[in-house]
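S.K.: have a look; sequence and predicted model below, questions after that.
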Amino acid sequence: MADSISSDDVRKELEKQIADLRKEISALGKSIADRGAETLERTREAASEAVDRARGQTRASFQQAREQAHAVTDAAREHPGTAATILSSAGILGFVVGLFVGATLLGNERR
(Lines give C-alpha, C1' and ligand atoms only; values in the text may rest on other atoms or scores of the structure.)
Protein backbone atom coordinates (compact mmCIF):
# COMPACT_ATOMS: atom_id res chain seq x y z
CA MET A 1 0.00 0.00 0.00
CA ALA A 2 2.94 2.28 -0.46
CA ASP A 3 1.34 3.41 -3.72
CA SER A 4 -1.79 4.72 -2.05
CA ILE A 5 -2.01 8.44 -1.39
CA SER A 6 -3.37 9.53 1.92
CA SER A 7 -5.88 12.35 2.32
CA ASP A 8 -3.31 14.26 4.38
CA ASP A 9 -0.87 14.17 1.47
CA VAL A 10 -3.55 15.40 -0.92
CA ARG A 11 -4.54 18.18 1.50
CA LYS A 12 -0.90 19.25 1.95
CA GLU A 13 -0.35 19.27 -1.81
CA LEU A 14 -3.51 21.36 -2.37
CA GLU A 15 -2.49 23.81 0.37
CA LYS A 16 0.93 24.14 -1.26
CA GLN A 17 -0.66 24.78 -4.64
CA ILE A 18 -3.04 27.33 -3.12
CA ALA A 19 -0.13 29.12 -1.43
CA ASP A 20 1.77 29.17 -4.75
CA LEU A 21 -1.29 30.55 -6.55
CA ARG A 22 -1.68 33.27 -3.92
CA LYS A 23 1.94 34.29 -4.44
CA GLU A 24 1.43 34.44 -8.21
CA ILE A 25 -1.78 36.45 -7.84
CA SER A 26 -0.01 38.86 -5.51
CA ALA A 27 2.86 39.26 -7.98
CA LEU A 28 0.41 39.80 -10.87
CA GLY A 29 -1.51 42.38 -8.84
CA LYS A 30 1.69 44.26 -8.09
CA SER A 31 2.72 44.12 -11.75
CA ILE A 32 -0.67 45.45 -12.87
CA ALA A 33 -0.53 48.23 -10.28
CA ASP A 34 2.96 49.21 -11.43
CA ARG A 35 1.89 49.28 -15.07
CA GLY A 36 -1.20 51.28 -14.19
CA ALA A 37 0.91 53.82 -12.33
CA GLU A 38 3.29 54.09 -15.30
CA THR A 39 0.39 54.55 -17.71
CA LEU A 40 -1.18 57.18 -15.45
CA GLU A 41 2.10 59.08 -15.26
CA ARG A 42 2.56 58.97 -19.06
CA THR A 43 -1.02 60.17 -19.52
CA ARG A 44 -0.49 63.03 -17.08
CA GLU A 45 2.67 64.08 -18.89
CA ALA A 46 0.95 63.96 -22.28
CA ALA A 47 -2.01 65.96 -20.97
CA SER A 48 0.32 68.52 -19.41
CA GLU A 49 2.19 68.91 -22.68
CA ALA A 50 -1.09 69.31 -24.60
CA VAL A 51 -2.27 71.98 -22.17
CA ASP A 52 1.04 73.82 -22.48
CA ARG A 53 0.83 73.73 -26.28
CA ALA A 54 -2.77 74.93 -26.24
CA ARG A 55 -1.89 77.71 -23.82
CA GLY A 56 0.94 78.87 -26.09
CA GLN A 57 -1.28 78.78 -29.17
CA THR A 58 -4.00 80.70 -27.33
CA ARG A 59 -1.55 83.38 -26.29
CA ALA A 60 -0.28 83.68 -29.85
CA SER A 61 -3.84 83.94 -31.18
CA PHE A 62 -4.75 86.64 -28.68
CA GLN A 63 -1.58 88.54 -29.51
CA GLN A 64 -2.33 88.35 -33.23
CA ALA A 65 -5.94 89.49 -32.69
CA ARG A 66 -4.72 92.38 -30.54
CA GLU A 67 -2.23 93.44 -33.24
CA GLN A 68 -4.88 93.30 -35.95
CA ALA A 69 -7.33 95.28 -33.80
CA HIS A 70 -4.67 97.96 -33.36
CA ALA A 71 -4.03 97.97 -37.12
CA VAL A 72 -7.74 98.42 -37.84
CA THR A 73 -7.98 101.20 -35.26
CA ASP A 74 -4.95 102.95 -36.72
CA ALA A 75 -6.37 102.65 -40.24
CA ALA A 76 -9.71 104.07 -39.09
CA ARG A 77 -7.92 107.00 -37.44
CA GLU A 78 -5.87 107.71 -40.56
CA HIS A 79 -8.86 107.42 -42.95
CA PRO A 80 -12.04 108.29 -41.05
CA GLY A 81 -14.10 108.85 -44.21
CA THR A 82 -13.24 105.46 -45.62
CA ALA A 83 -13.97 103.82 -42.26
CA ALA A 84 -17.37 105.53 -42.07
CA THR A 85 -18.19 104.47 -45.62
CA ILE A 86 -17.23 100.86 -44.96
CA LEU A 87 -19.22 100.71 -41.73
CA SER A 88 -22.24 102.35 -43.32
CA SER A 89 -22.09 99.97 -46.26
CA ALA A 90 -21.87 96.99 -43.92
CA GLY A 91 -24.86 98.30 -41.95
CA ILE A 92 -26.95 98.80 -45.08
CA LEU A 93 -25.96 95.36 -46.39
CA GLY A 94 -26.93 93.80 -43.04
CA PHE A 95 -30.28 95.61 -43.13
CA VAL A 96 -31.00 94.38 -46.66
CA VAL A 97 -30.04 90.80 -45.77
CA GLY A 98 -32.30 91.05 -42.71
CA LEU A 99 -35.22 92.23 -44.81
CA PHE A 100 -34.65 89.44 -47.32
CA VAL A 101 -34.47 86.76 -44.60
CA GLY A 102 -37.55 88.18 -42.88
CA ALA A 103 -39.51 88.23 -46.11
CA THR A 104 -38.44 84.69 -46.90
CA LEU A 105 -39.47 83.44 -43.47
CA LEU A 106 -42.79 85.28 -43.68
CA GLY A 107 -43.39 83.77 -47.11
CA ASN A 108 -42.68 80.26 -45.76
CA GLU A 109 -45.17 80.76 -42.92
CA ARG A 110 -47.96 81.72 -45.31
CA ARG A 111 -47.51 78.50 -47.30
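M.R.: That came through, no problem.
S.K.: please count neighbours and contacts with C-alpha atoms only from this point.
M.R.: Will do.
S.K.: all helices of the protein, in order?
M.R.: 7-78, 80-110 (DSSP state H).
S.K.: in JSON lines: these, plus mean neighbour count.
M.R.: JSON lines is the format used below for those (neighbours: other Cα atoms under 10 Å):
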{"stretch": "helix 7-78", "mean neighbour count": "12"}
{"stretch": "helix 80-110", "mean neighbour count": "12"}
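S.K.: redo those as CSV? Include mean pLDDT.
M.R.: CSV is the format used below for the helices of the chain (pLDDT from 0 to 100):
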stretch, mean pLDDT
helix 7-78, 92
helix 80-110, 90
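S.K.: tell me the domain boundaries of this protein?
M.R.: Annotated domains of the chain cover 1-78, 80-111 [automatic domain parsing].
S.K.: what about the first one, distance to the chain center?
M.R.: I take that to be domain 1-78. Distance of domain 1-78 from its chain centroid, counting by Cα atoms, centre = their mean, to the nearest Å, is 16 Å.
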